[in-house]
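Novice: missing the sequence, but the structure's below:
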């Protein structure tokens, strides 16, 4: 072979090597520890950091996601950006044909295209079969998972990890805003939103100010002794302007509703406000200086200032009778509430994609988003309510209440209320000083 042919051969070999390297699946983030045994029957939690992979033979009768681990070993990893089922399985000897069949079998159970970066997964293999992967487990969340069984035939099914429910109580004093006080006491954003929903028909959170207090008892979900999610609120108490607002949950037919301590429903037929968190920038008035026209005109509505895109909710059950645009109101919606009146929502940035004319909507359903279309100087919602053909001040309407508890449920409920109130009294408190902020934080766990 002459020199030209040798050089050409070397060049071609290098080109093929580079091409194959570029086509190789993305590297999975795995490492191995020898002789590490499982200490729990639960799946490793869905952490944000890559997990250390394990190669182990768990003790006899130990299980992992309901799979007997006798004679098997496993590795765990974290899905990286851009990785698919093929990227995760190809490096471990699973053929493209098997992966295609697994994806096809999975369709009624789980869409493999929904595998997300940051979620964890496990590979269970058999050392006696030259490390052949028998199971691939994808963690949809800290609790839910999907098992791909590479037996004959391939099977795919969902499962849930064993969850322990504990009860915790938090309390705090507002020094600047409920949001800051809740955050400093350890309350999550999710929990704060749920608290707002409970009191949505009873009080307006915008009225809370410095010195007001809150106390909340709620459930936390634990997997392998680690809190992975917030559960339901069992009870809450807010002190606003020296007035006490209380809510106690009671479950009937797997649905929890909230009542005062006497069993009267806190749920009204209508919401206090169409926005969860906002401020009233302009009240209902018969004579107001129009911000654009610069002349005094009636303002038969309430302006809620809020960031653009804030969800707007229907204040009550009803039927959409208008969805469209006008020069003054911009994008707006009208909803007829049978026997009560018609609500109007103006200056929306856009409508919710599922909202149509003549469609039924429920109280609290998102119908659009805050904007500044039409005559508006900035993003806000103009809510108007027409009763008997005339506009009325929605904030002063006497809203009808929901159903109250009756026996035998009321008797059980009153006993639960007594227990929770006693728990609030007995829970030891730790005073925490954060600069000018003073917080009373309590925590108490109960297994259920």
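Specialist: That came through, no problem. Treat the numbers as computed from the prediction; the structure is a model and nothing was measured.

Novice: Ignoring the adjacent residues along the chain, who's closest to residue 193?
Specialist: Using CB to CB, 6 or more residues apart in numbering and skipping residues adjacent in sequence, the residue nearest residue 193 is residue 276, 6.7 Å away. Just so you know, the C-beta spots here come from the backbone N, C-alpha and C atoms, and that holds for glycine as well.

Novice: wait, residue 236
Specialist: Per CB to CB, 6+ apart, closest to residue 236 is residue 216, 4.5 Å.

Novice: circling back: any idea how far residue 118 is from the residue nearest to residue 193?
Specialist: Between residue 276 and residue 118 the distance is 28 Å, computed by CB to CB, to the nearest Å.

Novice: Looking at those two, which one has more neighbours?
Specialist: Taking other CB atoms under 10 Å, residue 276 and residue 118 do not tie; residue 276 has more neighbours (18 against 13).

Novice: you'd agree that one is in a helix?
Specialist: No. Checked against DSSP: H, G, I helix; E, B strand; the rest coil, residue 276 lies outside a helix; its state is coil.

Novice: do you know how far the closest residue to residue 252 other than its chain neighbours is from residue 363?
Specialist: Distances taken as CB to CB, 6+ apart put residue 409 closest to residue 252, at 6.5 Å, once the chain neighbours are dropped. As defined by CB to CB, residue 409 lies at a distance of 23 Å from residue 363.

Novice: So between the two, which is more surrounded?
Specialist: More crowded of residue 409 and residue 363, by other CB under 10 Å: residue 363, with 18 against 15.

Novice: Is that one located within a helix, as I assumed?
Specialist: No. With three-state DSSP as the criterion, residue 363 is assigned coil and is not in a helix.

Novice: roughly how far apart are it and residue 399?
Specialist: 11 Å.

Novice: what's the answer for residue 107, then?
Specialist: Going from residue 107 to residue 399 by CB to CB gives 47 Å.

Novice: higher neighbour count, these two?
Specialist: residue 399 (15 against 10).

Novice: How about the secondary structure of the more buried one?
Specialist: coil.

Novice: give the contact list for it.
Specialist: 201, 268-270, 272 (CB atoms under 8 Å, 6 or more residues apart in numbering).

Novice: Next up, the contacts around residue 124.
Specialist: Contacts of residue 124 (CB under 8 Å, 6+ apart): 64, 67, 69, 72-74, 133-137.

Novice: my bad, should have said residue 221
Specialist: Residue 221 makes contacts with 143, 163-165, 227-231, as judged by CB under 8 Å, 6+ apart.

Novice: Enumerate the positions of stretch 360-368 that are buried.
Specialist: Neighbour counts over stretch 360-368 (16 or more other CB atoms under 10 Å) mark 361, 363-365, 367-368 as buried.

Novice: Kindly report the same for stretch 94-108.
Specialist: 94, 99, 102-103, 105-106.
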